[in-house]
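*Asks:* sequence and predicted structure, then a few things I'm wondering about:
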Amino acid sequence: MKQMNRMMLTGLLSTSAAITAQAQSTSHELEVINQLGTSAAVVNMPVTQLLNAPGNEALKAFFFTPVTKKTLQGKKIAVIAADGFEEIELTGPVWYFKQLGATVDIVAPKFNPAPARYGLSYPEMSKTHIMAIQYLQPVGWIKFDRTADQIKVTDYDAVFIPGGAWNPDNLRYDKDVIKFVQDFNKSGKLIAAICHAPVVLASADILKGKKLTGYWNIQVDLKNAGGTVLEQPVVTDGNLVTSRHPIDVADFSRAVESWLLKK
């Protein structure tokens, strides 16, 4: 009996030691994870806040003034975008072009998830939707109509690319997107890009000798790609229309309309 008690006691002590060791290991892991992570506090740019900000009265009027003429009836426009597009820079022009009677397709790169070792987790809707952001915060998803490997230059009268810091970075690595932009440029049809999006045009190597503009922290990249950067809300040079920022969405949209009306 004493022998059995000693065995039971030894077992209990071993189990206790194992639990203690496991708890210490878990505690250590939690301590490390807490040091690797940060608290969630995100800068964002809600649409209502943007439209009501001082100085943006004209931008607000652009959206709330009824559009009465179908000036772009029969025109087809492709919006090329990926995860991380700036919400108002896509939804704003798309709303306006549709109000004018244009047909608009949202075109995204073909879904191509990163290898498992990257540790990324994708929602199922990533296969059919792209993610919108408001400056730094993800806010929603928009369903795309086609993928970049499915479209042809002859399908559209114009292409426009919204900004958002992540979106152009995703697009400029996609071979189908870059090839399409290059071919579209050769056709002489309109290519429009706002905010960070002109870096996609830089990656497509179509900026040499062109006047353009873009978000302030990419302007050096546009110069390095051979462009002449102007500090203006919108710049039109040949078949390129570019803008700097969400506050320029109205000027940008009207410039696209004006270009297409001349064709």
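*Replies:* Sure thing, it's come through.

*Asks:* how about Q73: what's its closest non-neighbour residue?
*Replies:* Nearest non-adjacent residue to Q73, counting by CB to CB, 6 or more residues apart in numbering: G101, 3.6 Å away. Any C-beta I mention is one placed from the backbone N, CA and C, and that applies to glycine too.

*Asks:* confirm that neighbour sits in a strand?
*Replies:* No. Secondary structure of G101 (DSSP: H, G, I helix; E, B strand; the rest coil): coil, not part of a strand.

*Asks:* touching, it and K70? I think so.
*Replies:* Yes. When contacts are counted by CB atoms under 8 Å, G101 is listed as touching K70 (3.4 Å).

*Asks:* lowest-pLDDT helix or strand in this structure?
*Replies:* Lowest on mean pLDDT, DSSP states H and E among the helices and strands of the chain sits helix 2-36, with a mean of 65.

*Asks:* list the buried residues in the next helix or strand along the chain from that helix.
*Replies:* Next in sequence after helix 2-36, counting helices and strands by DSSP states H and E, comes helix 47-52. Using 16 or more other CB atoms under 10 Å as the test for burial, helix 47-52 gives 50-51.

*Asks:* who does helix 47-52 touch, helix- and strand-wise?
*Replies:* With contacts taken as 3 or more CB pairs under 8 Å, 6 or more residues apart in numbering; DSSP states H and E, helix 47-52 sits against helix 57-64, helix 87-99.

*Asks:* which residues touch that helix?
*Replies:* 56, 59-60, 63, 87-88, 134, 246-247 (CB atoms under 8 Å, 6 or more residues apart in numbering).

*Asks:* those residues into JSON lines, with extra columns for distance to Y215 and neighbour count?
*Replies:* JSON lines is the format used below for the contacts of helix 47-52 (distance: CB to CB, whole Å; neighbours: other CB atoms under 10 Å):
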{"residue": "N56", "distance to Y215": "17", "neighbour count": "16"}
{"residue": "L59", "distance to Y215": "17", "neighbour count": "21"}
{"residue": "K60", "distance to Y215": "22", "neighbour count": "15"}
{"residue": "F63", "distance to Y215": "21", "neighbour count": "17"}
{"residue": "E87", "distance to Y215": "15", "neighbour count": "25"}
{"residue": "I88", "distance to Y215": "14", "neighbour count": "27"}
{"residue": "Q134", "distance to Y215": "15", "neighbour count": "21"}
{"residue": "P246", "distance to Y215": "10", "neighbour count": "25"}
{"residue": "I247", "distance to Y215": "11", "neighbour count": "17"}
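
*Asks:* alright, that wraps it up for me.
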